[in-house]
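Student: My questions are about this predicted structure, shown below with the sequence.
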2 protein chains.
Amino acid sequence: MSERKHPAGSRNASPRILGAARAVAGREGVGKITIEAVAKEAGLSKGGVLYNYPTKKALLSGLLDQMLAKHRELLGKVPERHPSRTLHGHLETILHSEDLDDDLSTAILAVAASDPRLLDPLRTELTGDLERILSGTQDAPGAMVAVLAIQGLRFQKLLNLPDGGADLREPIIERLRTMIDGLD
Amino acid sequence: MSERKHPAGSRNASPRILGAARAVAGREGVGKITIEAVAKEAGLSKGGVLYNYPTKKALLSGLLDQMLAKHRELLGKVPERHPSRTLHGHLETILHSEDLDDDLSTAILAVAASDPRLLDPLRTELTGDLERILSGTQDAPGAMVAVLAIQGLRFQKLLNLPDGGADLREPIIERLRTMIDGLD
DNA sequence: AAGACTGTACCGTCCGGTCGGTTTAGGTTT
DNA sequence: AAACCTAAACCGACCGGACGGTACAGTCTT
């Protein structure tokens, strides 16, 4: 019901639209994600955006979907037999998005602000990840602390909260890595 | 520019207004924080709300202020000479709000969604806390990981993200406590 | 009387969503 | 290959409702 072929005049603007939404959110805040603003940013008309995403909620869900897809993609890149593979993936997801300025976590805020229910896909995804993480370790609390720290890292970045200085960034990540490695 | 005296005919509805705002946010999502909705929830008229908070931004800032005040109050309760006192305070702040269902951190989301700049007070507060925390420990990365985990805990609760099951809650907190105690 | 509201009416703006077009690109017919 | 058809993709004017804020006359409390 989604994968749509585009046999005729088609440039499939969806990705451009999502990118535009992220750009707007990053520049002016999540509250400024407006269909018109997104349209303008994407070089489209309002109708064009609404054609791809019939409602604003659909647009926001699309944003979240994109984020989750990216998340899964990065998870897939973690070496197969790595112990606590999922945990490592979570960490790398954030580090990776540190280089690119595509703040995908923006979607979380945007979605949560409009309708908390839209976060359900994120919740189920996370639930699955947690199960995988916890079933792969003896030290459940330790794993959870790592998960929480990673989550904290994400929101710290998202809200531009202080991070203790640039010279601490690397040591923190290094510490997290060793914490995770020491889990098994 | 805020602290207002109420020397005469005064019931000072401000706290009730803030509580109402949190209630609305908790029930319907941060996006539904409307002056009218808050007024209705507080058993006030729209004019009454605007009398206490002349603009919506003022209302949101008030929410954040309340949160920070509560935060400071709880920090003050931590035993004086406790090593890594601030860190413990942060943790207790969350645990304490676990009993009460007044999700003060809602303010963060609400504020962030409307105008990221309004988060500045939170940022400066956190910066101060971080300085205190880091200056009181030899193991800066370890302390930061603890801070991050606490932050993660806050957002997990705030967004109703999965937590690995109820039987893990206590062990996680216990682990965090020992982590913090083992720092200095 | 003055402060702390209530209640209602109202304004202007913003924004989500609708809707009737218009353009673009491929296929079909002749 | 020119003419024609079809449908996807998109445009943009418009509507209606929500919402922030104003104004202001009245009410209750201290």
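Tutor: Structure's in. What do you need?
Student: Pull the contacting residues for the closest residue to A:Gly136 other than its chain neighbours.
Tutor: Spatial nearest neighbour of A:Gly136, chain neighbours left out: A:Ser84 (5.9 Å); criterion: Cβ to Cβ, 6 or more residues apart in numbering or on different chains. To be clear about C-beta, it is placed using only N, CA and C from the backbone, and glycine gets the same treatment. Counting by Cβ atoms under 8 Å, 6 or more residues apart in numbering or on different chains, A:Ser84 touches A:Ile133, A:Gly136, A:Thr137, A:Ala143, A:Ile180, A:Asp181, A:Leu183, A:Asp184.
Student: Check the residues you listed against DNA strand C and report the nearest one.
Tutor: A:Ile133 (36.4 Å; Cβ to the nearest atom of the strand).
Student: Give me every residue in chain A lying close to DNA strand C.
Tutor: By Cβ under 7 Å from any atom of the strand, the part of chain A that sits against DNA strand C consists of A:7-9, A:32-37, A:46-47, A:50, A:54-57.
Student: Are any of those residues buried, and if so which?
Tutor: A:Lys32, A:Ile33, A:Thr34, A:Ile35, A:Ala37, A:Leu50, A:Lys56 (16 or more other Cβ atoms under 10 Å in any protein chain shown).
Student: which pair in those spans the largest distance?
Tutor: A:Lys32 and A:Leu50 (17.9 Å; Cβ to Cβ).
Student: which stretch of helix or strand covers A:Leu109?
Tutor: Counting by DSSP states H and E, the element that carries A:Leu109 is helix A:106-114.
Student: tell me the mean pLDDT over that helix?
Tutor: Helix A:106-114 carries an average pLDDT of 85.
Student: got a list of contacts for that helix?
Tutor: Contacts of helix A:106-114 (Cβ under 8 Å, 6+ apart): A:21-22, A:25-26, A:30-31, A:33, A:56-57, A:60-61, A:63-64, A:66-67, A:118-119, A:122, A:158, B:29-31, B:109-110, B:112-113, B:159.
Student: Check which helices and strands whichever helix or strand comes after it is in contact with.
Tutor: Using DSSP H and E, the helix or strand that follows helix A:106-114 in sequence is helix A:120-135. Counting contacts by 3 or more Cβ pairs under 8 Å, 6 or more residues apart in numbering or on different chains; DSSP states H and E, helix A:120-135 is packed against helix A:56-77, helix A:85-99, helix A:140-158.
Student: how much distance is there from the second one to the middle of the chain?
Tutor: In this view, helix A:85-99 has its centroid 10 Å away from the chain centroid, taken as Cα atoms, centre = their mean, to the nearest Å.
Student: what packs against the least confident helix or strand in chain A by mean pLDDT?
Tutor: Scoring the helices and strands of chain A by mean pLDDT, DSSP states H and E places helix A:85-99 at the bottom, with a mean of 80. Judged by 3+ Cβ pairs under 8 Å, 6+ apart, the packing partners of helix A:85-99 are helix A:56-77, helix A:120-135, helix A:140-158, helix A:166-181.
Student: now do 6 Å
Tutor: Here helix A:85-99 touches helix A:56-77, helix A:120-135, helix A:140-158, going by 3 or more Cβ pairs under 6 Å, 6 or more residues apart in numbering or on different chains; DSSP states H and E.
Student: what's in contact with it?
Tutor: Contacts to helix A:85-99, defined as Cβ atoms under 6 Å, 6 or more residues apart in numbering or on different chains, come from residues A:71, A:74-75, A:78, A:104, A:129, A:132-133, A:146, A:150, A:153-154, A:180.
Student: among the helices and strands packed on helix A:120-135, which is the most enclosed?
Tutor: Of all the helices and strands packed on helix A:120-135, helix A:140-158 has the most neighbours on average by mean count of other Cβ atoms under 10 Å in any protein chain shown, namely a mean of 23.
Student: Show me what it is packed against.
Tutor: Looks like helix A:140-158 contacts helix A:85-99, helix B:140-158, helix B:169-181 (3+ Cβ pairs under 6 Å, 6+ apart).
Student: which non-adjacent residue is nearest A:Pro162?
Tutor: B:Thr127 (4.4 Å).
Student: Neighbours of that neighbour, how many?
Tutor: Per other Cβ atoms under 10 Å in any protein chain shown, the neighbour tally for B:Thr127 reads 14.
Student: Quick check: it vs B:Leu158, distance?
Tutor: 21 Å (Cβ to Cβ, to the nearest Å).
Student: Please parse chain A into its domains.
Tutor: For chain A, automatic domain parsing gives the domain ranges A:1-54, A:67-181.
Student: how distant is the shortest one from the center of its chain?
Tutor: When you say that, I think you mean domain A:1-54. With Cα atoms, centre = their mean, you get 18 Å for domain A:1-54.
Student: Just confirm yes or no for it near chain B.
Tutor: Yes - legend: contact between domain A:1-54 and chain B by Cβ under 6 Å from any Cβ of the partner chain is shown at A:Gly29, A:Val30, A:Gly31.
Student: what's the closest of these to B:Leu168?
Tutor: Closest approach to B:Leu168 among these (Cβ to Cβ): A:Val30, at 30.9 Å.
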